[in-house]
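Quick one: sequence plus predicted model below, questions after.
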Amino acid sequence: MKVIQSFWSKPFAFPAANSFEARSQGGFLNESQFIYTWALSLLSLKEVFSHVHLNTDEKGKKAWIDFFEFPYDSCSTDMDAIEEFPSDLWSTGKLLTYAGIKEPFVHFDVDVVLGKHFDMHKLEHDLFVEFHYDDCILKRYSTIIHKILNYEINMSPEFKGIIAQSNFVYNDYNLGITGGYDYDFFNRYAQNSFNNLKLNIPFLRNVDSTTKSFLNCFYEQYCFYETARIELKCVNKLVKSTLNLDFDYQKSKIDSGYRNFDFVHFHGGYKRLYPELSGKWLKEYYPEYYRNINEKIAFINSQQLSN
């Protein structure tokens with residue numbers, strides 16, 4: 001099973017004004033915390049897997065592999081092909097990755113850290129995702145569908161059918177960890193989402209920033225959920241319980257100490273709830289990488305000051 005992480009540089013190099021999340025910092029409080037977390041994520045993957053691939057663009061390759069020297073085993077620059085997409089559609093890079101995969105795979109977001117209790121057997125499914133949100137969270141997102149329909153947005157017949165069959169109720173999975181043997185499903189669902197995103201590039205300038213940001217969840221997560229439901233696909237959830245994110249459900253994992261867990265995902269509010277943790281763990285367990293990152297950041301800062 002191919003192990004993949006992905007990074008599209010445009011949302012980070014050119015973050016949209018009033019973006020729902022500060023994508024130039026990966027949603028973290030500052031760029032250092034984002035870089036520490038990504039490095040920790042990759043290094044934790046390499047404790048488990050023999051080969052980790054990065055799908056990015058040429059700018060991403062120069063930044064993370066050539067400059068920061070992240071130890072990926074292979075790299076592709078397919079995302080050079082999506083330069084035309086607006087920077088606030090940050091899920092476009094992941095959709096491109098899903099659409100192009102031609103073998104069984106697992107994709108890890110760069111804010112997922114694996115521990116020594118990670119159960120590899122949970123990946124032995126046609127389709128798997130991280131978890132399903134509870135109804136309270138989903139109700140907050142349901143207005144996105146109606147907002148989308150209120151804009152002059154083009155939709156293919158297949159896409160209109162997906163929304164109609166959902167009865168305009170928002171459902172989705174968190175895809176922080178996702179993949180499976182049925183890569184054909186990922187090709188179909190992601191290509192459909194990707195095509196509809198491309199159709200609507202001219203219309204997106206009229207969409208408010210919050211709705212535009214939620215479009216990322218809509219095209220990546222909602223469309224996965226609904227396509228799987230319509231096709232009667234069995235989807236395995238790595239976290240079996242439906243999660244209410246109004247409380248700190250990962251606290252016991254984090255308190256157990258680095259790698260004494262299955263995995264930790266610094267998604268959403270967790271980026272701000274534990275802002276110093278990734279740097280602390282990286283410094284303690286991978287001090288050479290921690291030192292190298294700080295030296296590189298210091299060099300960048302000195303270059304900016306001199307200019």
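Yep, that arrived.

list the contacts for the nearest residue to residue 172 once chain neighbours are set aside?
Spatially, and ignoring its direct neighbours in sequence, residue 172 is nearest to residue 221 (3.6 Å; C-beta to C-beta, 6 or more residues apart in numbering). All C-beta spots, glycine's among them, are computed from the backbone N, C-alpha and C. Counting by C-beta atoms under 8 Å, 6 or more residues apart in numbering, residue 221 makes contact with 172-175.

The residues you listed in strands, which ones?
In this view, these that belong to strands under DSSP state E are 173-174.

ok, so of the contacts of residue 221, who is nearest residue 158?
Proximity of these to residue 158 was ranked by C-beta to C-beta; the top entry is residue 172 with 18.0 Å.

Could you report the neighbour count for the closest one?
20 (other C-beta atoms under 10 Å).

Am I right that it is in contact with residue 229?
No - contact between residue 172 and residue 229 fails when scored by C-beta atoms under 8 Å: they sit 10.9 Å apart.

For the nearest residue to residue 233 once chain neighbours are set aside, report the pLDDT, please.
In this structure, residue 233 finds its nearest non-sequential neighbour in residue 127, 5.7 Å apart by C-beta to C-beta, 6+ apart. Predicted confidence (pLDDT) at residue 127: the value is 98.

surely residue 127 meets residue 238?
No - counting by C-beta under 8 Å, residue 238 is not a contact partner of residue 127; they are 11.6 Å apart.

so who does the residue nearest in space to the middle of the chain touch?
The C-alpha lying nearest the average C-alpha coordinate of the chain belongs to residue 109 (C-alpha atoms, centre = their mean; 4.5 Å). By C-beta under 8 Å, 6+ apart, residue 109 lies in contact with 5, 41, 175-177, 265, 267.

Equivalent analysis for residue 78, please.
55, 57, 96-97, 100 are the contacts of residue 78 under C-beta under 8 Å, 6+ apart.

where does the stretch 1-150 of the chain have low pLDDT?
For the stretch 1-150 of the chain, the stretches with pLDDT under 70 are 14-24, 133-150.

Quick one: the helices in it, in order.
10-13, 31-46, 58-60, 92-100, 135-150 (DSSP state H, counting those that start in this stretch).

Return the distance of the first one from the chain's centre.
Here helix 10-13 is found 14 Å from its chain centre; the criterion is C-alpha atoms, centre = their mean, to the nearest Å.

Can you tell me what sits against that helix?
By C-beta under 8 Å, 6+ apart, helix 10-13 touches 23-24, 26, 57, 59, 82-83, 85, 87-90.

Of the contacts of residue 109, which is the most crowded?
Busiest of the contacts of residue 109 [other C-beta under 10 Å] is residue 41, holding 25 neighbours.

Let me see the contact set for it.
5, 108-114.

backbone phi and psi for the nearest residue to residue 43 once chain neighbours are set aside, please?
With sequence-adjacent residues excluded and distances taken as C-beta to C-beta, 6+ apart, residue 43 is closest to residue 286, at 5.4 Å. With angles defined as degrees, to the nearest 10, residue 286 sits at phi -130, psi 60.

try residue 50
According to degrees, to the nearest 10, residue 50 has phi -80, psi -20.

what's near enough to touch it?
residue 73.
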